[in-house]
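> Model the following, please.
(one chain, ligands or ions: 1)
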Amino acid sequence: MLGKEIRCAGLTKQFDGAAVLGPLDITFIAGQTTALVGPSGCGKSTFLRLIAGLDLPSAGSVCIGSQSPKEVAKRGALSMAFQDPALLPWRTVRENIALGAKLARKSDNGVDDLIALVGLSGFETHRPAELSGGMRQRAAIARSLVSEPELLLLDEPFGSVDALTRARLNAELPPLWRKRAATTIMVTHSVDEAVLLSERIIVLSERPATVVADLSVTFDEPRTAKLIDGHEFQSRKAQVLRALGVAV
Ligand SMILES: Nc1ncnc2c1ncn2[C@@H]1O[C@H](COP(=O)(O)OP(=O)(O)OP(=O)(O)O)[C@@H](O)[C@H]1O
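Residues are numbered from 1 along each chain as shown. Prediction:
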């Protein structure tokens, strides 16, 4: 299924009269993976919540293709994996992941492949309480992919995954979501991860978040961890760090 373009126009959010976000005018290109980076508390998660239709803007709009976020979510075409994986405690790993497909009214044929991809083979019948934090997060990543969404929203999806698994997921997941051509927006605190995984990086300012840099990231595909040592990678990374105000 093809991802849709996401147009944010004059998007603004205030909490209790205080501006948290915007105004933001950003168009996310259909099928592309965009990383959002910015200082802690600048409004990144709030931005994702507005795109997901979990919260309403104070002003401005989000349009996904020709639909509102709520309409897209209702069709089951929008998937999320957030920092704190909300798995159903009484269901097994397999049932939790299969539920992602069921809610989107899709077949659950790919469940076992995804379980293997995120390294949870052998844990299919475990319940969330019997897993580590990183394993729960991996189950949530698998659940977000099983429905083959048009739009994939990831908020620090690898935050509590161990370094080795993180490196493996960094290598194996992007081809998967590119193959499925989902429009993907990923919030990350890791600049390496942003450069390695995305085709575009948007750097946001301190709260209220506005765009301070909008960079395209092009490398030969498939990207491998070896890229990190290359000059091109390091110069892109330095650009992002400078935009974040970090001296390099
Ligand atoms: N429901 C809410 N009510 C009031 N204030 C809120 C609410 N949600 C978020 N905020 C405030 O909005 C600001 C932005 O929060 P948000 O979680 O979007 O930032 P973030 O960039 O994702 O942070 P981090 O990188 O630390 O995860 C913070 O100051 C937060 O306290």
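> Backbone dihedrals for the spatially most central residue of the chain, please?
Nearest residue to the geometric centre of the chain (CA atoms, centre = their mean): residue 154, 2.1 Å. As for residue 154, its main-chain torsions (degrees, to the nearest 10) stand at phi -120, psi 120.
> and the residue lying closest to it once chain neighbours are set aside, helix, strand or coil?
With CB to CB, 6 or more residues apart in numbering as the criterion, residue 154 has its nearest non-adjacent residue at 4.2 Å, and that residue is residue 186. Where you see a C-beta, it was placed from the backbone N, CA and C, and this is true even at glycine. Three-state assignment for residue 186 (DSSP: H, G, I helix; E, B strand; the rest coil): strand.
> Report the contact partners of residue 186.
33, 34, 35, 36, 154, 155, 157, 194, 197, 198 (CB atoms under 8 Å, 6 or more residues apart in numbering).
> I'd like those written out as JSON lines, with pLDDT and distance to the ligand added.
Putting those into JSON lines (pLDDT from 0 to 100; distance: CB to the nearest ligand atom, whole Å) gives the following:
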{"residue": "33", "pLDDT": "91", "distance to the ligand": "18"}
{"residue": "34", "pLDDT": "95", "distance to the ligand": "15"}
{"residue": "35", "pLDDT": "95", "distance to the ligand": "13"}
{"residue": "36", "pLDDT": "96", "distance to the ligand": "9"}
{"residue": "154", "pLDDT": "89", "distance to the ligand": "12"}
{"residue": "155", "pLDDT": "89", "distance to the ligand": "7"}
{"residue": "157", "pLDDT": "79", "distance to the ligand": "13"}
{"residue": "194", "pLDDT": "91", "distance to the ligand": "13"}
{"residue": "197", "pLDDT": "86", "distance to the ligand": "17"}
{"residue": "198", "pLDDT": "90", "distance to the ligand": "17"}
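> Spell out which parts of the chain neighbour the ligand.
In this structure, the chain approaches the ligand at residues 15, 20, 38, 40, 41, 42, 43, 44, 45, 46, 207, judged by CB under 6 Å from any ligand atom.
> neighbour-wise, which of the residues you listed leads?
residue 43 (26 neighbours; other CB atoms under 10 Å).
> does that one really touch residue 210, like I thought?
No. In this structure residue 43 lies outside contact range of residue 210 using CB atoms under 8 Å: 9.5 Å.
> Understood, closing this out.
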